[in-house]
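1. Got a sequence here, can you build the structure:
(chains A, B, C and D)
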Number of protein chains: 2
Amino acid sequence: MLSFQNYFLQGAADPTFLQELEEAITLRQVAKGQVLLRKGDKGREHYFVKSGLLRSYTLDAKGKEHIFMFAPEGWLIGDIGSFLSDKGADLYIDALEESEIEALDNRLFSRRDAFHAEALNKSSRRMYMMQKRIISLMSTPLQERYLDFLDMYPNLVQRVPQKMIASYLGVTPEALSKLRGDLTRQKNA
Amino acid sequence: MLSFQNYFLQGAADPTFLQELEEAITLRQVAKGQVLLRKGDKGREHYFVKSGLLRSYTLDAKGKEHIFMFAPEGWLIGDIGSFLSDKGADLYIDALEESEIEALDNRLFSRRDAFHAEALNKSSRRMYMMQKRIISLMSTPLQERYLDFLDMYPNLVQRVPQKMIASYLGVTPEALSKLRGDLTRQKNA
DNA sequence: CGTGGAGTTGAATACGATCAACACCGGTGG
DNA sequence: CCACCGGTGTTGATCGTATTCAACTCCACG
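-> Residues are numbered from 1 along each chain as shown, chains lettered A, B, ... in the order given. Below is the predicted model:
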């Protein structure tokens, strides 16, 4: 049984459906640091993380990383541009830890009606998260963004270098370090 | 013929399909300033703009507006939270100009398989735009964001008060005003 | 006419970026 | 086992950009 099936299907499904799903999925073991998608690539895959940790990120004009999202166990990650845009992917995707993933061929969705409903459902949820992220970036001061991050990704602080969290929050490592200093100082005052 | 059908359907469709679509849509005339959705509302609708101009926005802790998106003619606007989140809508939606819209009941999508494919398609495109917006907010300096805005929403500069564009870009009206001053000064130098 | 909202400009301020120095490990190789 | 090293995080000084606050102009609209 593929983990993605659990994630994707809400109820029971007929055998041919399951089989088709299974055929669109390939299991993969990725080493720490391994790159799954590069900017400009035209991919057809989404990645479901069974164990480990992936991330997606961009490089700006100055070559600085900006982390788009983290994907720990049970999360789905991919770059929409990689199959929607002529220019290919906007993001890089790589592994922060050794991970076991299920690579999911997107063409599945265009082939089979039965997938559309649930795909749409999941797609809406992702969109909702993005909406919240945009709002947050525009209207929330750094400190709250950091606290929200801690809620949203519990225990990821332990697993991810701090500078990457800074990158996700849209600030420099120094800024986050100073914020954390302030926070502990506030607590002990 | 409803405009939304053109937008939504790629090819021909059978008559019952069209009829069902038509039943899920109600035409509405909205006055300038009219509010269609408030934070916390549990809506079931998306709005397709036939003419005029809508926008969605949040209010932050200090009561400041942050515009999430503009929707001129031919655009679709809605708040995903309004039907996905327990807390209801995250955004307000109102009309910046007198507008003619088609309100689309979301339940349509859950009822009828035939809609899923195209809904998924459109949903992906919206998601893609959001992805780009997030990247842009994190990694692009104000000046470029403004120029990108001009590309993305041609002629909207004429129709929208400048302070709202500032709000969309995530800065104060003063900051945008100064940037524009710099830009014209650059041109004439 | 006037009145208020929109935009511009300037001065002071705040916040994060940048640059640089340093402490703290967690390996690696001698 | 230890010395060394590179990467990570902290801290401080300085700089730059956007914010805030305030004053002023300009219209659009009553």
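
2. What strand or helix carries A:K178?
-> helix A:173-187 (DSSP states H and E).

3. outside of that helix, which residues touch it?
-> By CB atoms under 8 Å, 6 or more residues apart in numbering or on different chains, the residues outside helix A:173-187 that reach it are A:142-143, A:146, A:162-163, A:165-167, A:169. Where you see a C-beta, it was placed from the backbone N, CA and C, and this is true even at glycine.

4. just how off-centre is it within its chain?
-> 26 Å (CA atoms, centre = their mean, to the nearest Å).

5. Is that helix positioned near DNA strand D?
-> Yes: using CB under 7 Å from any atom of the strand, helix A:173-187 reaches DNA strand D at A:173-174, A:176-178, A:180-181.

6. Format these as CSV; extra columns: distance to DNA strand C, neighbour count and pLDDT.
-> Below are the residues of helix A:173-187 next to DNA strand D laid out as CSV (distance: CB to the nearest atom of the strand, whole Å; neighbours: other CB atoms under 10 Å in any protein chain shown; pLDDT from 0 to 100):
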residue, distance to DNA strand C, neighbour count, pLDDT
A:P173, 8, 14, 95
A:E174, 4, 10, 96
A:L176, 8, 20, 97
A:S177, 9, 14, 96
A:K178, 8, 13, 96
A:R180, 12, 15, 95
A:G181, 12, 10, 94
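
7. Determine which two of the contacts of helix A:173-187 are furthest apart.
-> A:Q143 and A:K163 (17.8 Å; CB to CB).

8. Centre of the chain to the longest helix anywhere in chain A, how far?
-> Using DSSP state H to define each element, chain A has its longest helix at helix A:113-139. Its chain's C-alpha centre and that of helix A:113-139 lie 12 Å apart, by CA atoms, centre = their mean.

9. I'd like the next helix or strand past that helix.
-> helix A:142-152.

10. just to revisit the earlier point, I'd like to know which of the contacts of helix A:173-187 are buried.
-> Among the contacts of helix A:173-187, those buried by neighbour count (16 or more other CB atoms under 10 Å in any protein chain shown) are A:146, A:165-167, A:169.

11. between those, which is nearest A:D79?
-> After measuring the buried ones among the contacts of helix A:173-187 against A:D79 - CB to CB - the closest member comes out as A:S167, at 16.8 Å.

12. separation between that closest one and B:A119?
-> With distances taken as CB to CB, to the nearest Å, A:S167 is found 33 Å from B:A119.

13. Ok, A:E102 next?
-> Look at A:E102 and B:A119: by CB to CB, they are 25 Å apart.

14. ok, the residue lying closest to A:L84 once chain neighbours are set aside - contacts?
-> Leaving aside its chain neighbours, A:L84 sits nearest to B:Y128 (5.0 Å; criterion: CB to CB, 6 or more residues apart in numbering or on different chains). In this structure, B:Y128 makes contact with A:80-81, A:84-85, judged by CB under 8 Å, 6+ apart.

15. Around chain B, which positions in chain A sit nearby?
-> A:58, A:60, A:64, A:66, A:68, A:79-81, A:84-85, A:90-91, A:109-110, A:113-114, A:116-117, A:119-120, A:123-128, A:130-135, A:137-140, A:170 (CB under 8 Å from any CB of the partner chain).
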